[in-house]
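Participant: from the sequence below, what's the structure:
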Amino acid sequence: MSRSLPFLSSLFRLTLWCSLALVMLFAWQPRSAAAQEGPTPRIYEVQAGDTLVGISERLGITPEALMEANQLTNPDLIYVGQKLAVPVVTPSLPAGAITYQMQADETLLSLAAKINVLPNDLLVLNQGMRAQYFALEPEIFIPDLSPAAWPDPILAFRHSPVIIQGQTGVVELVLSHKERPDGFFDQTPLHFFYVGRTTKGYHYRALMPTGALLPPGNYGIKAQVPEATVQSVVPVEAGSYETQYIVLPPDKSALLTPKRVQAELIKLHAVWDLLSERRLWRKAFRFPIGEGFQRTSPYGTRRSYNGGPVNSFHSGSDWGAPEGTPITAPAQGIVVLAEPLDVRGGAVILDHGQGVTSSFWHLSQIDVQVGQRLKRGEQIGLVGTTGLSTGAHLHWEVRVGGIAVDPMQWTHTYFPYAPMAAAQPPAS
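Facilitator: Numbering: from 1, shown residues only. Coordinates of the predicted model:
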């Protein structure tokens with residue numbers, strides 16, 4: 001028996017070493033092809049009030065992609081606490097862009113100077129890629145800058161290739177010397193602001209707001225300096241808007257009298273029409289309330305009150321949330337209005353600069369005062385149901401030059417750095 005102990009001990013050691021070798025072998029195995037395909041999908045946990053469409057909008061993907069990734073057959077059959085895999089979406093070619101093969105030793109700055117665009121345009125077009133990574137990429141996106149001959153001192157004339165009804169477009173003029181242009185988008189004045197300089201020129205940009213009721217069609221763009229004038233056309237395509245029939249309780253109906261409505265609008269347009277020179281925001285806007293709240297009325301919805309005619313539209317985006325839910329600034333801004341109003345209840349307006357404002361209605365509590373400068377994410381107030389409201393919710397709207405535009409576009413587009421294409425000079 002004593003002679004068998006060394007043998008058993010040796011056998012145990014041999015078995016242990018074999019086990020360790022097998023563990024190390026499997027640990028060092030290369031990943032499978034499936035594991036090497038890309039990054040692991042994010043996980044989103046469904047919150048109370050979530051809808052599949054609302055989740056998709058927040059995450060920047062389509063409902064179909066979210067359903068396919070989670071093998072869902074009915075978009076309405078999601079439940080609180082459910083964990084959804086968020087698929088990693090390969091970026092598609094942005095509107096107004098082309099692919100470009102990076103050359104040896106080319107950098108973000110050298111490429112921007114070469115094609116006469118601002119470095120920030122390339123960063124945004126490539127979804128915020130860091131500057132140091134450009135030299136490592138074999139292929140990137142650049143603006144479609146087909147060569148065009150414009151009259152001196154205009155070096156380039158670009159604008160959004162298409163605008164969806166109710167959204168915001170951008171137009172740019174590049175000049176050989178520093179001189180602020182002016183112009184028109186249809187009948188609306190264009191307010192150009194200086195955005196930067198490349199080695200070949202000075203870049204000026206203006207925002208082109210389209211209201212939700214602007215008829216689809218082709219709209220003229222005219223830009224000029226004293227020495228030269230250029231013109232182009234941009235198509236405005238129809239948005240997808242529904243109609244809501246809203247019934248107000250008797251105590252709220254009195255708020256719709258024409259005298260009250262008109263007096264409040266005059267007061268608000270004096271604020272909305274501000275045109276401060278400096279752009280305060282430095283990123284796409286963030287959402288002003290937390291995750292998991294259901295959108296109860298999107299921007300652009302046509303509306304009828306108490307059986308009346310459908311002669312107005314919803315100028316913002318409504319999100320149902322319990323009274324007392326915090327509301328935060330979507331971007332840097334200065335408080336230009338903070339007071340209770342008859343129709344809109346507890347109201348706050350932020351001036352983000354260059355004609356862009358954010359408005360927040362129906363607040364139960366206002367936590368800021370006029371003149372206060374807010375950072376992105378700072379608290380503005382609390383959700384309520386004051387004014388012309390049938391339940392606790394946040395109404396958030398974005399206006400450009402006094403025109404109400406789709407605020408959701410501003411959460412995924414960093415203006416004025418939006419995709420543009422070169423305008424085509426008129427045939428000679």
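Participant: contact partners for the closest residue to Trp281 other than its chain neighbours?
Facilitator: Nearest residue to Trp281, sequence neighbours excluded (CB to CB, 6 or more residues apart in numbering): Ala331, at 3.8 Å. Where C-beta positions appear, they are placed from N, C-alpha and C, glycine not excepted. Ala331 is in contact with 280-283, 285-286, 350, 352, 358, 376, counting by CB atoms under 8 Å, 6 or more residues apart in numbering.
Participant: mind redoing it with 7 Å?
Facilitator: With contact taken as CB atoms under 7 Å, 6 or more residues apart in numbering, Ala331 is in contact with 281, 285, 352, 376.
Participant: now, which of the residues you listed lie within strands?
Facilitator: The strands, defined by DSSP state E, take in His352 from the contacts of Ala331.
Participant: number of nearby residues for Ala113?
Facilitator: 14 (other CB atoms under 10 Å).
Participant: check Leu155 too.
Facilitator: 17.
Participant: my guess is it contacts Lys200. True?
Facilitator: Yes. Here Leu155 reaches Lys200: they are 6.2 Å apart, a contact under CB atoms under 7 Å.
Participant: what touches both of the two?
Facilitator: The contact sets of Leu155 and Lys200 overlap at Asn116 (CB under 7 Å, 6+ apart).
Participant: what values do phi and psi take at Asp186?
Facilitator: Note on Asp186: its backbone torsions stand at phi 60, psi -120 [degrees, to the nearest 10].
Participant: picking up where we left off before, what separates the residue nearest to Trp281 from Ile380, distance-wise?
Facilitator: According to CB to CB, to the nearest Å, Ala331 stands 12 Å off from Ile380.
Participant: ok, back up a step: checking the residue nearest to Trp281 next. Helix, strand or coil?
Facilitator: On the three-state scheme (DSSP: H, G, I helix; E, B strand; the rest coil), Ala331 is labelled coil.
Participant: for it, give me the pLDDT.
Facilitator: Looking at Ala331, its pLDDT is 97.
Participant: my read: Gly166 touches Thr301, true?
Facilitator: No. With contacts counted by CB under 7 Å, Gly166 stays clear of Thr301, the gap being 10.6 Å.
Participant: looking at the two, which one has more neighbours?
Facilitator: The neighbour count for Gly166 versus Thr301, taken as other CB under 10 Å, is higher for Gly166 (25 against 19).
Participant: check the more buried one and give its pLDDT.
Facilitator: Looking at Gly166, its pLDDT reads 94.
Participant: list the contacts of it.
Facilitator: Contacts of Gly166 by CB under 7 Å, 6+ apart are 210-212, 239, 299-300, 405-406.
Participant: need the buried ones from the residues you listed selected in PyMOL.
Facilitator: To isolate the buried members of the contacts of Gly166 in PyMOL, using 16 or more other CB atoms under 10 Å:
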select buried, resi 210+211+212+239+299+300+405+406
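Participant: in strands, which of the contacts of Gly166 fall?
Facilitator: Short answer: the contacts of Gly166 in strands (DSSP E) are Val405.
Participant: helix, strand or coil for Leu111?
Facilitator: Classification of Leu111 using three-state DSSP returns helix.
Participant: pLDDT, distance to Ala392 and neighbour count added to the contacts of Ala331, as CSV?
Facilitator: Output for the contacts of Ala331, formatted as CSV (pLDDT from 0 to 100; distance: CB to CB, whole Å; neighbours: other CB atoms under 10 Å):
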residue, pLDDT, distance to Ala392, neighbour count
Trp281, 97, 28, 21
Phe285, 95, 23, 24
His352, 98, 26, 24
Arg376, 96, 25, 16
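Participant: can I get the contacts of Ala331 in a markdown table including distance to Ala69?
Facilitator: Conversion of these to a markdown table gives the following (distance: CB to CB, whole Å):
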| residue | distance to Ala69 |
| --- | --- |
| Trp281 | 32 |
| Phe285 | 27 |
| His352 | 35 |
| Arg376 | 30 |
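Participant: closest one of the contacts of Ala331 to Val398?
Facilitator: Val398 lies nearest to Phe285 out of these, by CB to CB, at 7.5 Å.
Participant: how about that closest one, what does it touch?
Facilitator: 330-331, 410-411 are the contacts of Phe285 under CB under 7 Å, 6+ apart.
Participant: can you pull out the strands in the stretch 51-200 of the chain?
Facilitator: For the stretch 51-200 of the chain, applying DSSP state E, counting those that start in this stretch gives strands covering 83-86, 97-101, 139-143, 154-159, 163-164, 168-175, 182-185, 188-191, 193-198.
Participant: for those, which one ends up most surrounded?
Facilitator: With neighbours taken as mean count of other CB atoms under 10 Å, these reach their highest mean count in strand 168-175, at a mean of 25.
Participant: which two of the contacts of Gly166 have the greatest separation?
Facilitator: Thr210 and Tyr299 (12.0 Å).
Participant: by mean pLDDT, flag the weakest helix or strand of this protein.
Facilitator: None of the helices or strands of the chain scores lower by mean pLDDT, DSSP states H and E than helix 4-27, at a mean of 47.
Participant: flag the shaky bits of the stretch 201-350 of the chain, pLDDT-wise.
Facilitator: Residues of the stretch 201-350 of the chain that meet the criterion pLDDT under 70 lie in 247-257, 305-311.
Participant: mind redoing it with 80?
Facilitator: Scanning the stretch 201-350 of the chain for pLDDT under 80 picks out 243-260, 291-292, 303-312.
Participant: which residues of it fall in strands?
Facilitator: With DSSP E, counting those that start in this stretch as the criterion, the stretch 201-350 of the chain has strands spanning 201-209, 217-225, 228-237, 243-246, 295-297, 302-305, 312-313, 317-320, 326-328, 333-341, 345-353.
Participant: please name every helix or strand in contact with the fifth one.
Facilitator: Contact here means 3 or more CB pairs under 7 Å, 6 or more residues apart in numbering; DSSP states H and E; on that basis strand 295-297 packs against strand 317-320.
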